[in-house]
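Novice: A structural model of the following input is requested.
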Amino acid sequence: MNTEAAPAAVSPDNSSGRTRIAPIVALVLLSPLVGEVLSGATRLSFLFAYLPEIMFWGCGTLLIREVVRRWGGNWTTMLPLGMALSVAEEFIVQQTSLAPMPWLGSTPMYGRVWGVNWIYFLFMLAFESVCITLVPVQIVELIFPERRKEPWLRARGLVMASGIFVVGAFLAWFLWVKIARIQVFHFPDYKPPVVTVALGLLAIVVLALISYAWRGTRDQGRGPSGKVVSPWLVLPATLVMGFPWYILMVLIFAPRPQPPALWIPVSATIAWAAMTVVLLRRWASASGWGEMQEWALSFGVLLVCMSAGFLGSSFWLKMDIIFKVVLNVIAVVGMVALARRVRRRAKAEVGPVHLQGAD
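Specialist: The predicted model follows:
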């Protein structure tokens, strides 16, 4: 993760039009592309959903990045805001963590307590905050390194992005809650309790306050003397940390006669998340942690997201499977090309340093 805080006073006005707009467009498109399309959640047969996803996820992620850069924060500042965006999706917009899952029928779902689908919510809280927000931001900043420390939006851009975000949230709510859930899955209209929705709004506020409180902090770990982890170790380690999350999906969509008590997967998930965050902060705080490590981390998450997305593909249309395979291959090729670009950039930066040392 990018650990350097961005100066809040940096203005995006000094960039040319193309340079200023390119990373904005890339992030708005890449955010739902990674989390929804490459993962297989949004498939070719209903690719029209990508448009409201661009409006909600894309603009939401763009606004989160803008806030974090203006605050001078880093990835630990961004994570709570990414979680807040996930809570907004799961509790307010599409309410998938509140309504009984229509694709599972009318029988009670494992993990549903107090009107909340806890197993599903915990998975989505991590998946959406990482794959929708953190990883797309990091990839785009690797593509446009000269813009990574500064805000990208002017006042008018903030207003436009906020407006599109609100409209996208409404479209996503309407298409899922009022159309797909009723007409496609034939599930009766469900209105979550007002108290539950209010708790979701409260959680969003609390997460935003946590992010603001962490805005001036830097990653604490081994410090400058720590040995940096090789990117070729970061990549497989990310796979090891990422794949266990999908056990939660197996618990939901492949129910067993006697599933474990709810507190067991919930406690294990929280512990695994805490361990992952602590480990990443420790790695990222070491001297020498740079763009190749950030690339390896992003690529690892992307590989987990894409490969695990095939778990339910036996029920897909053939064209959906082909579409996902083609896009996943393109994504892998693109990430390999990005790695080469990052390595060339690193070598170019090392050269002048050696020449200065020789002088």
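
Novice: In this structure, spot the helix with the most residues.
Specialist: helix 318-358 (DSSP state H).

Novice: avg pLDDT for that one?
Specialist: Helix 318-358 shows a mean pLDDT of 84.

Novice: And for stretch 116-127?
Specialist: Here the average pLDDT along stretch 116-127 is 94.

Novice: what residues does that stretch touch?
Specialist: With CB atoms under 8 Å, 6 or more residues apart in numbering as the test, stretch 116-127 has contacts from 35, 83, 86-87, 89-90, 96-98, 100-101, 109-112, 196, 245-246, 248-249, 251-252, 262, 265-266, 269-270, 273, 305. The way it works is simple: take the backbone N, C-alpha and C, and place the C-beta from them, glycine included.

Novice: Stretch 84-99: how far from the chain's middle?
Specialist: Chain-centre distance of stretch 84-99: 15 Å, with CA atoms, centre = their mean, to the nearest Å.

Novice: ok, now stretch 19-27?
Specialist: 18 Å.

Novice: Flag every buried residue along it.
Specialist: With burial defined by 16 or more other CB atoms under 10 Å, the residues of stretch 19-27 counted as buried are 20, 22, 23, 24, 26, 27.

Novice: taking these one by one, which sit in helices?
Specialist: Per DSSP H, the subset of those in helices is 20, 22, 23, 24, 26, 27.

Novice: The third one reaches residue 147, doesn't it?
Specialist: Yes - here residue 23 lies in contact with residue 147, judged by CB atoms under 8 Å, at a distance of 5.3 Å.

Novice: closest to residue 160 among the ones in helices among the buried residues of stretch 19-27?
Specialist: Ranked by distance to residue 160 (CB to CB), those are led by residue 24 at 10.3 Å.

Novice: Nearest residue to that closest one in space, please, no chain neighbours.
Specialist: Of all residues beyond its chain neighbours, the one nearest residue 24 is residue 152 (5.2 Å), with distances taken as CB to CB, 6 or more residues apart in numbering.

Novice: Quick check, pLDDT for that neighbour.
Specialist: pLDDT recorded at residue 152 is 94.

Novice: Same question for residue 18.
Specialist: Reported pLDDT at residue 18 in the predicted model: 66.

Novice: now swap in residue 313 and tell me
Specialist: pLDDT, residue 313: 87.

Novice: count of neighbours near it?
Specialist: For residue 313, the count of nearby residues is 14 (other CB atoms under 10 Å).

Novice: I figured it was touching residue 39, is that so?
Specialist: No - using CB under 8 Å, residue 313 is not in contact with residue 39, being 11.4 Å away.

Novice: what's the weakest-modelled helix or strand in the chain?
Specialist: One helix or strand of the chain scores below all others by mean pLDDT, DSSP states H and E: helix 318-358, with a mean of 84.

Novice: mind checking how far that helix is from the chain centre?
Specialist: With CA atoms, centre = their mean, you get 20 Å for helix 318-358.

Novice: and it, what does it pack onto?
Specialist: Applying 3 or more CB pairs under 8 Å, 6 or more residues apart in numbering; DSSP states H and E, we find helix 318-358 packed against helix 135-143, helix 291-308.

Novice: And the longest one, what's buried?
Specialist: Residues of helix 291-308 classed as buried by neighbour count (16+ other CB under 10 Å): 291-308.

Novice: Which neighbouring elements make contact with that helix?
Specialist: Where contact means 3+ CB pairs under 8 Å, 6+ apart, helix 291-308 is packed against helix 135-143, helix 231-242, helix 263-284, helix 318-358.

Novice: Go ahead and produce CSV holding the CA coordinates of the shortest one.
Specialist: Below are the C-alpha coordinates for helix 135-143, written out as CSV (Å, rounded to 0.1, in the frame of the first residue of the first chain):
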residue,chain,number,x,y,z
VAL,A,135,-6.8,-1.9,-5.0
PRO,A,136,-8.2,0.2,-7.8
VAL,A,137,-6.7,3.4,-6.3
GLN,A,138,-3.3,1.8,-5.9
ILE,A,139,-3.3,0.4,-9.5
VAL,A,140,-4.3,3.8,-10.9
GLU,A,141,-1.7,5.6,-8.9
LEU,A,142,0.9,3.1,-10.2
ILE,A,143,-0.2,4.0,-13.7
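
Novice: Identify the residues contacting that helix?
Specialist: By CB under 8 Å, 6+ apart, the list of residues contacting helix 135-143 reads 1-2, 23, 26-27, 30-31, 33-35, 61, 64-65, 75, 78, 147-148, 291, 294-295, 297-298, 301-302, 335, 338, 342.

Novice: How about stretch 53-67?
Specialist: Stretch 53-67 is contacted by residues 24, 27-32, 35-36, 42, 78, 81-82, 85, 88-89, 93, 132-133, 136-137, 151-153, 158, 161-162, 164-165, 167-169, 171-172, 211 when judged by CB under 8 Å, 6+ apart.

Novice: now residue 249: how far from residue 295?
Specialist: 27 Å (CB to CB, to the nearest Å).

Novice: got the CA positions of the helix or strand harbouring residue 251 in CSV?
Specialist: Residue 251 belongs to helix 247-253 when assigned by DSSP states H and E. Coordinates of each C-alpha in helix 247-253 appear next as CSV, following Å, rounded to 0.1, in the frame of the first residue of the first chain:
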residue,chain,number,x,y,z
ILE,A,247,-14.7,-19.8,3.1
LEU,A,248,-17.5,-17.4,4.2
MET,A,249,-19.1,-17.7,0.7
VAL,A,250,-18.9,-21.5,0.9
LEU,A,251,-20.7,-21.4,4.3
ILE,A,252,-23.5,-19.4,2.8
PHE,A,253,-23.9,-20.9,-0.7
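
Novice: Helices of the stretch 51-200 of the chain, residue ranges please.
Specialist: 59-71, 75-87, 118-127, 135-143, 155-173, 194-213 (DSSP state H, counting those that start in this stretch).
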